[in-house]
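Asker: Sequence and predicted structure are below.
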Amino acid sequence: MAEKLKPSIRSYLKDEEIYKRYIRPTEAIVIFNIEERRLLEFALAAGAIYQLPRTLLIHHQKLEDYMRHLYKVPGTNKIVQKKYVRIREGSMIYSIGHHRFIEMARAAGAVYKINEGTGGTVLISLDIFDDYMEQFRENPVPMKNPLWKESET
């Protein structure tokens, strides 16, 4: 016997969370935990604002990509964009294992050693590492059966 489908996609979700591609500013304020003025500045700089006739939408992924190197300074309201991170922080940002991140940062030439003889500090340049990561991006694969024909686009 066929089972009747539930009327809403939300009923099939376990955690009731849907990742939205476009969000309203009020939702973005809650997600990113910053004031509306700063949020709109960041969204504008990221090219993530879409103004519809009566609605303002923000492209979630574009804003996240722009804000991935922004950090809030503890104890203040300042937000800064980091150019260099320590190894542990970088491996968390890119979701790569600690040792793999070190290997890739060395291969990219993004490693900076400060006071090397005295124990020192190792920093990784995020800009150089981002450029290096682009070589691992896979090219898009054309669909075998596209939903629309080329003449329709």
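Answerer: Sure, I can see it.

Asker: Regarding P142, what is its secondary structure?
Answerer: Secondary structure state of P142, per DSSP: H, G, I helix; E, B strand; the rest coil, is coil.

Asker: which residues of this structure fall in strands?
Answerer: Assigned by DSSP state E, the strands in the chain fall at 22-23, 49-51, 56-59, 70-72, 79-81, 84-85, 111-114, 121-125.

Asker: Give me the helices and strands touching the longest one, please.
Answerer: Helices and strands touching strand 121-125, by 3 or more Cβ pairs under 8 Å, 6 or more residues apart in numbering; DSSP states H and E, are strand 84-85, helix 87-94, strand 111-114. From N, CA and C alone the C-beta is placed, and that goes for glycine too.

Asker: can you list the ones you listed in JSON lines and add distance to K144 and mean neighbour count?
Answerer: As requested, the helices and strands packed on strand 121-125 are arranged in JSON lines below (distance: least, Cβ to Cβ, whole Å; neighbours: other Cβ atoms under 10 Å):
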{"stretch": "strand 84-85", "distance to K144": "41", "mean neighbour count": "19"}
{"stretch": "helix 87-94", "distance to K144": "32", "mean neighbour count": "17"}
{"stretch": "strand 111-114", "distance to K144": "43", "mean neighbour count": "12"}
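
Asker: and F42, which of these is closest to it?
Answerer: helix 87-94 (17.6 Å; Cβ to Cβ).

Asker: mind giving me the domain ranges of the protein?
Answerer: Split into domains by automatic domain parsing, the chain comes to 19-81, 83-139.

Asker: neighbouring contacts of stretch 102-109?
Answerer: Applying Cβ atoms under 8 Å, 6 or more residues apart in numbering, the set of residues contacting stretch 102-109 from outside is I87, G90, I96, V111, I124, I128, F129, D131, Y132, M133.

Asker: Now, of those residues, which are buried?
Answerer: I87, G90, I96, V111, I124, I128, F129, Y132 (16 or more other Cβ atoms under 10 Å).

Asker: Make TSV out of those residues and add distance to E36 and pLDDT.
Answerer: Putting the buried ones among the contacts of stretch 102-109 into TSV (distance: Cβ to Cβ, whole Å; pLDDT from 0 to 100) gives the following:
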residue	distance to E36	pLDDT
I87	35	90
G90	31	86
I96	34	87
V111	39	94
I124	33	93
I128	34	92
F129	32	91
Y132	36	91
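
Asker: among the helices and strands packed on strand 121-125, which gets the worst mean confidence?
Answerer: Among those, helix 87-94 has the lowest mean pLDDT, at a mean of 85.
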